[in-house]
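In: give me the fold of what follows.
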Amino acid sequence: MSSDLVIDVNDVSKTYLIYDKPENRLKQMVVPRLRSVAGLSPVQYFREFPAVRHTSFQVGRGETVGIVGRNGSGKSTLLEMICGTLQPTGGTINVHGRIAALLELGSGFNPDFTGRENVYLNAAILGLSRAETERRFSQIAEFAGIGDFMDQPVKTYSSGMYVRLAFSVATNVDPDILIVDEALAVGDEAFQRKCFARIEQIKERGCTILFVSHSPQSVIQLCDRAILMDRGEKIMEGSPKIVVNHYQRMVNLSGDDAEAVREKIKTLDGWADTNEDSETATITESPTTIANDDEESWFDDKLVSESAVEYKAEGAIISNIRIVNKHGEVVNNISLNHEYHYVYDVVFTEEVQKANFAMYVKSVHGVEIAGRHAFPFDKGFDAEVGVRYEVSLPFRCSFLPGVYSCNCAVFTTQLRSHTFLHRVLDAALFRVLPTDPLYSRYGMVDICPENTPAEITKLERQKTSAAS
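Out: Numbering: from 1, shown residues only. From the prediction side, this is the model:
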């Protein structure tokens, strides 16, 4: 193995034997041997399930590699084989260096031991002497932030305390290789920010990181390279942004659509520029994919709101809710800093004066982010009965990568109060595609006007102790 190669996965497979009944295990141990002695044809009492199939890749020293894929695609099984907790059915895995792994919540902890005792136990497993652990214990305890619970049995911990302690131990033993399997999805927002900051520090020290996550932007921001797994196979490897884009196109598909997209992805170059690859632009057969100039947008018919709430119509009826791009095509995967229209049709069942129209954008967790009206609050539109109107509310996509939902409403205003004629909550979903990792904005909304630099003004020179 090259001195710069720390993980070498070569044609690795893992197959599980599935028994429909407990007694079939005993039958499998006895019956085939008896039939062989009797000269009868063999028989088996199990089904084979290939969790990982003929997968190969290499990871160099200091690289951060993300692994993405749908649930059940073999990501966790692959990591467990790299860690040595599972043995492959076929192929070889060579690892050079100390591994610290966060595969499951609190894995390796003895629930009857205290947090302090588990720190020493886990550190010893990872190769630290007792003296080294004692020198680092204060740092581990400070990062975990569980206070007096450090001397309480781990079985009394909450899930958040478990992961705090497990992450703190794993990242404070100076591993050569850090393996993280969705562990950062647990814990509050402040702790997640703290974890990502620690991973960045570990990266700067030259540690090799394998990172499994369902968070596309996390993979793009943290990783140098990404691998897309599906049904136990590696079907793409390359630039994190390109791999994540293909993963998002595939994640909600099923049946023939999913199979067609999957086979197409396997033929593509994971390092190719998505906007210059005409095949990439038309990868999804059922949804329409468009890539014009520097905008990338398409419609995914599986990205549908399952939590829509429609209130009783009292004077107007909303229908045909959609988002369209500047070419008039219906889309729900859109790009940051591009113009779109939120469009819906309205038929009035009675004459209405000062009718107004609105949209409201929320996160998938229900956090209200932004909205707009068609007219100022005290203005409106006089509507005729029985006429269908198309309402088109333009908006600039300032939302950072993620999935969002949109409300829509028709209402009237009188004496600075409003009356809803019809409204639909969570009427439509849209996904903002991942950005380039160099685009360093955080949160949900981009508050920085495009091409508007910060203003830095020189005030006066400050005296320093050295100067004085």
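In: for this structure, where's the lowest mean pLDDT among helices and strands?
Out: helix 278-281 (a mean of 31; mean pLDDT, DSSP states H and E).
In: list the contacts of stretch 40-51.
Out: The contact list for stretch 40-51 (C-beta atoms under 8 Å, 6 or more residues apart in numbering) reads 13-20, 24-25, 27-28, 31-32, 35-36, 74, 77, 232. Heads up, the C-betas are built off the backbone N, CA and C, glycines and all.
In: quick one: terminal-to-terminal distance for that stretch?
Out: 31 Å (C-alpha to C-alpha, to the nearest Å).
In: give me the buried positions along that stretch.
Out: Tyr45, Ala51 (16 or more other C-beta atoms under 10 Å).
In: distance from it to the middle of the chain?
Out: For stretch 40-51, the separation from the chain centroid amounts to 36 Å (computed by C-alpha atoms, centre = their mean, to the nearest Å).
In: again, but for stretch 136-155
Out: That offset, for stretch 136-155, works out to 29 Å (C-alpha atoms, centre = their mean).
In: again, but for stretch 96-112
Out: Per C-alpha atoms, centre = their mean, the centroid offset for stretch 96-112 relative to its chain is 22 Å.
In: could you do stretch 9-19 as well?
Out: For stretch 9-19, the distance to the chain centre is 26 Å (C-alpha atoms, centre = their mean).
In: now do stretch 202-222
Out: 12 Å.
In: can you check stretch 402-411 too?
Out: Using C-alpha atoms, centre = their mean, the offset of stretch 402-411 from its chain centre is 22 Å.
In: buried ones in stretch 81-100?
Out: Met81, Ile82, Cys83, Leu86, Pro88, Thr89, Gly91, Ile93, Val95, His96, Ile99, Ala100.
In: got the contact list for that stretch?
Out: In contact with stretch 81-100 (C-beta under 8 Å, 6+ apart) are residues 1, 5-15, 52, 54-56, 77, 80, 101, 103, 126-127, 169-171, 173-179, 208, 210.
In: out of these, which end up buried?
Out: 6-9, 12-14, 52, 55, 77, 80, 101, 103, 126, 169-171, 173, 175-179, 208, 210.
In: inside helices: which ones of the residues you listed?
Out: Thr77, Glu80, Val169, Ala170, Thr171 (DSSP state H).
In: pairing partners for the longest strand seen in the chain, with directions?
Out: In the chain, with assignment by DSSP state E, the single longest strand is strand 417-432. Sheet pairing of strand 417-432 (DSSP bridges) gives strand 309-310 (antiparallel), strand 333-334 (parallel), strand 402-414 (antiparallel).
In: nearest to Arg70, out of the ones you listed?
Out: strand 402-414 (15.6 Å; C-beta to C-beta).
In: in the helix or strand hosting Ile318, what's buried?
Out: Remark: Ile318 resides in strand 316-324, with elements defined by DSSP states H and E. Under the neighbour-count criterion of 16+ other C-beta under 10 Å, strand 316-324 has Ala316, Ile317, Ile318, Ile321, Arg322, Ile323, Val324 buried.
In: where does pLDDT dip in the stretch 101-250 of the chain?
Out: 104-107, 183-190, 193 (pLDDT under 70).
In: spell out the residue ranges of the helices in it.
Out: 115-125, 130-144, 159-171, 189-204, 216-222, 240-251 (DSSP state H, counting those that start in this stretch).
In: tell me which of those helices sits nearest to Leu400.
Out: Nearest of the helices of the stretch 101-250 of the chain (C-beta to C-beta): helix 216-222, 7.5 Å.
In: then the closest one to PDB, C-alphas only?
Out: Extracted in PDB, the C-alpha atoms of helix 216-222 (Å, rounded to 0.1, in the frame of the first residue of the first chain):
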ATOM      1  CA  PRO A 216     -26.500  17.400   0.600                       C
ATOM      2  CA  GLN A 217     -25.000  20.700   1.600                       C
ATOM      3  CA  SER A 218     -22.900  19.200   4.400                       C
ATOM      4  CA  VAL A 219     -21.400  16.700   1.900                       C
ATOM      5  CA  ILE A 220     -20.600  19.500  -0.500                       C
ATOM      6  CA  GLN A 221     -19.100  21.800   2.100                       C
ATOM      7  CA  LEU A 222     -17.000  19.100   4.000                       C
END
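In: related to what we said a few turns ago, how about the buried residues of strand 316-324 in CSV, adding distance to Phe143 and pLDDT?
Out: Shown next, in CSV, are these (distance: C-beta to C-beta, whole Å; pLDDT from 0 to 100):
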residue, distance to Phe143, pLDDT
Ala316, 56, 95
Ile317, 56, 96
Ile318, 50, 96
Ile321, 46, 96
Arg322, 47, 96
Ile323, 43, 96
Val324, 48, 96
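In: what is the nearest of these to Pro453?
Out: Ile323 (30.9 Å).
In: so what's that closest one up against?
Out: Val330, Val331, Asn332, Ile334, Tyr340, His341, Tyr342, Val343, Cys406, Ala428, Phe430.
In: identify the bridge partners of it.
Out: Assigned bridge partners for Ile323, using DSSP bridges, are Tyr342.
In: from Ala144, how far off is it?
Out: As judged by C-beta to C-beta, to the nearest Å, Ile323 and Ala144 stand 44 Å apart.
In: buried ones in stretch 262-271?
Out: Arg262, Lys264, Ile265, Leu268, Gly270.
In: so where's the stretch 351-468 of the chain shaky on pLDDT?
Out: 365, 415-416, 436-442, 449-452, 462-468.
In: same thing but 80
Out: By pLDDT under 80, the low-scoring segments of the stretch 351-468 of the chain are 364-367, 377-378, 414-417, 435-444, 447-458, 460-468.
In: just want the most central residue of the chain.
Out: Ser215 (1.7 Å; C-alpha atoms, centre = their mean).
In: how close does it sit to Gly66?
Out: In terms of C-beta to C-beta, Ser215 sits 10 Å off from Gly66.
In: now do Ser41
Out: On the measure of C-beta to C-beta, Ser41 and Gly66 end up 47 Å apart.
In: circling back to that earlier point, any chance of the buried residues of stretch 262-271 in JSON lines, with pLDDT, distance to Glu295 and secondary structure too?
Out: Formatted as JSON lines, these follow (pLDDT from 0 to 100; distance: C-beta to C-beta, whole Å; DSSP: H, G, I helix; E, B strand; the rest coil):
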{"residue": "Arg262", "pLDDT": "87", "distance to Glu295": "26", "secondary structure": "helix"}
{"residue": "Lys264", "pLDDT": "88", "distance to Glu295": "22", "secondary structure": "helix"}
{"residue": "Ile265", "pLDDT": "90", "distance to Glu295": "22", "secondary structure": "helix"}
{"residue": "Leu268", "pLDDT": "88", "distance to Glu295": "20", "secondary structure": "coil"}
{"residue": "Gly270", "pLDDT": "85", "distance to Glu295": "22", "secondary structure": "strand"}
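In: would you format the residues you listed as CSV with distance to Ala308 included?
Out: Below are the buried residues of stretch 262-271 laid out as CSV (distance: C-beta to C-beta, whole Å):
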residue, distance to Ala308
Arg262, 30
Lys264, 31
Ile265, 31
Leu268, 35
Gly270, 36
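In: that older thread, among the buried ones among the contacts of stretch 81-100, which lie within strands?
Out: 6-9, 12-14, 52, 55, 101, 177-179, 208, 210.
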